[in-house]
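J.: attaching a predicted model along with its sequence, questions to come.
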Amino acid sequence: MNLRERYDAATAAFEAPFAVVDLRAFHANAADLARRAGGKPIRVASKSVRCRALLDEVLRLDGFAGIMAFTLPEALWLAEQGTSDDILVAYPTADRTAIAALAADERAARTVTLMVDSAEHLDLVEDAAGGRPIRVCVDIDASYRTLGGRVRFGARRSPLHTAADVRAFAEVIVKRPGLRLVGLMAYESQIAGVGDVPPGRPAMARAIQTMQRRSRMELARRRAAIVAAVREVADLEFVNGGGTGSVEKTARERAVTEIAAGSGLYQPHLFDNYSNFSGRPAALFALPVVRRPGPGVVTCLGGGYLASGPADALRLPRPYLPTGLSYDSNEGAGEVQTPLLGSSADLLRVGDRVWFRHTKAGELCERFDALHLIEDDRAVRTVPTYRGEGRTFL
């Protein structure tokens, strides 16, 4: 039984569209992430999972500890549900109501850590918390700058780039009695989130690999200096770094105590083009064929599940099974219908399924209220996504 036959057999009782997670692939990906981390704990990026049952599943595995949440309301909910007693909110919050709720809940205040990178954040958090103690982590700019700063690679995040910048900010924090500095984070998106072997583009691959090699060397030195400087003024509990694409590279840095990762559990197609690891597609969605407009063409119901990021073809879901299907360049993936072209189209009948992979990991869960969990050729259970539990945090 091939992969498509196995998925079709496991989900024969369900009406498409629907989403699934292949548990064998999910666990294999988790084991590989833990292997790559080399003994350092992996903090699970919840935005890449967005399903409490699967967060529970991975946190029971060796090598995983703690959650990296994407909003404070999400972190408060996960803390209330007992998902983890160590939750880092990866992005700054301006949600005064949620900060007040965090400060008023002693257990949550011991569990949840907020992200900060400016005095504005500190003022807002202290004011909303009403003087009650809040744990904070400093976000460091991990981007790579060259040509005197005129060229930059990496996400535009924190304004804090140098050891002097971060130490000065840490000194401000420790002077504020309502705040407790417990961690540092630096996400090297230009390494962790950029595949270094784009298919059919060898010159681009060499350029990316050169940039990433130089960026790793620069960041390792700078991060070590930052951590040493901040440890002189604060008792840090953790230093977080990395992402799915850079796990083993970041783990080699002595200054880093834990790794962040999440996308590698589902292995969306954005993470296919890396030379240092190869994951197994674990999260998929199925669309039904509802039309056959002509030779070499079928039309599926739905499918316009575009990913965030720059508006390019990479943000489209990718037809996966059967192989040999592609989009019509004039229509792409549509809200209510998606035409697909290719020789495989003539082998499909109305009612058959086409299996797709999303570009990014957890964003798929914003489209579906449940995930059918598959083992071999059977669905073993169905679990709600965040959306299925009535939670949409962004």
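T.: Thanks, I have it. Numbers count the residues shown, from 1 in each chain.
J.: residues contacting the residue nearest to Tyr187 when sequence neighbours are not counted?
T.: Among residues not flanking Tyr187 along the chain, Ala142 sits closest, at 5.7 Å (CB to CB, 6 or more residues apart in numbering). For the C-beta atoms, the positions are set from N, CA and C on the backbone; glycine is no exception. When contacts are counted by CB atoms under 8 Å, 6 or more residues apart in numbering, Ala142 is found next to 154, 157, 186-190, 219, 223, 241.
J.: Pro73 versus Ala142, what's the distance?
T.: Distance from Ala142 to Pro73, counting by CB to CB, to the nearest Å: 26 Å.
J.: same check, this time on Asp95
T.: Between Asp95 and Pro73 the computed distance is 7 Å (CB to CB).
J.: those two: which is more packed in?
T.: Each of Asp95 and Pro73 has its neighbours counted (other CB atoms under 10 Å); Pro73 has more, 19 against 16.
J.: quick check: that one touching Ala100?
T.: No. Contact between Pro73 and Ala100 fails when scored by CB atoms under 8 Å: they sit 12.0 Å apart.
J.: now the helices for the stretch 251-394 of the chain?
T.: Remark: helices assigned in the stretch 251-394 of the chain by DSSP state H, counting those that start in this stretch are 263-266.
J.: Asp56 - how many residues pack around it?
T.: 14.
J.: that one is in what secondary structure piece?
T.: helix 52-59 (DSSP states H and E).
J.: what packs against that helix?
T.: Where contact means 3 or more CB pairs under 8 Å, 6 or more residues apart in numbering; DSSP states H and E, helix 52-59 is packed against helix 23-37, strand 42-45, strand 64-69, helix 72-81, strand 378-384.
J.: please identify the most buried of those.
T.: When those are scored by mean count of other CB atoms under 10 Å, the highest mean neighbour count falls to strand 42-45 (a mean of 26).
J.: average pLDDT for stretch 192-202?
T.: The predicted model gives stretch 192-202 an average pLDDT of 92.
J.: for it, buried residues please.
T.: Buried residues in stretch 192-202, defined by neighbour count with 16 or more other CB atoms under 10 Å: 192-196, 198.
J.: pLDDT averaged over stretch 69-88, what's the number?
T.: Stretch 69-88 shows a mean pLDDT of 98 in the predicted model.
J.: equivalent analysis for stretch 254-262, please.
T.: pLDDT averaged over stretch 254-262 equals 97, rounded to a whole number.
J.: what sits against the most centrally placed residue in the chain?
T.: Centrality entry for the chain: nearest residue to the mean C-alpha point is Ser48, 3.5 Å, by CA atoms, centre = their mean. With contact set as CB under 8 Å, 6+ apart, Ser48 has these partners: 244, 262-263, 265-266, 360-362.
J.: gap between Arg6 and Tyr266?
T.: Noted for Arg6: a distance of 18 Å to Tyr266, by CB to CB.
J.: and what of Leu371?
T.: In this structure, Leu371 lies at 10 Å from Tyr266, with CB to CB as the measure.
J.: who's more crowded, those two?
T.: When Leu371 and Tyr266 are compared for neighbours, Tyr266 comes out ahead with 31 against 26, by other CB under 10 Å.
J.: check the gap between that one and Asp141 for me.
T.: From Tyr266 to Asp141 the distance is 28 Å (CB to CB).
J.: can you check Gly332 too?
T.: Distance from Gly332 to Asp141, counting by CB to CB: 35 Å.
J.: and the closest residue to Ile208 other than its chain neighbours, what does it touch?
T.: Distance criterion CB to CB, 6+ apart; nearest residue to Ile208, sequence neighbours excluded, is Asp196 at 4.8 Å. In this structure, Asp196 makes contact with 205, 208-209, 212, 273-276, judged by CB under 8 Å, 6+ apart.
J.: which of the residues you listed lies closest to Gly296?
T.: The closest of these to Gly296 turns out to be Asn273 (CB to CB; 28.0 Å).
J.: can you mark which positions in the longest strand that the chain contains are buried?
T.: With DSSP state E setting the assignment, residue counts place strand 283-294 as the longest strand in the chain. Applying a neighbour-count criterion of 16+ other CB under 10 Å, the buried positions in strand 283-294 are 283-290.
J.: name the nearest residue to Pro322, ignoring sequence neighbours.
T.: Using CB to CB, 6+ apart and skipping residues adjacent in sequence, the residue nearest Pro322 is Ser344, 4.4 Å away.
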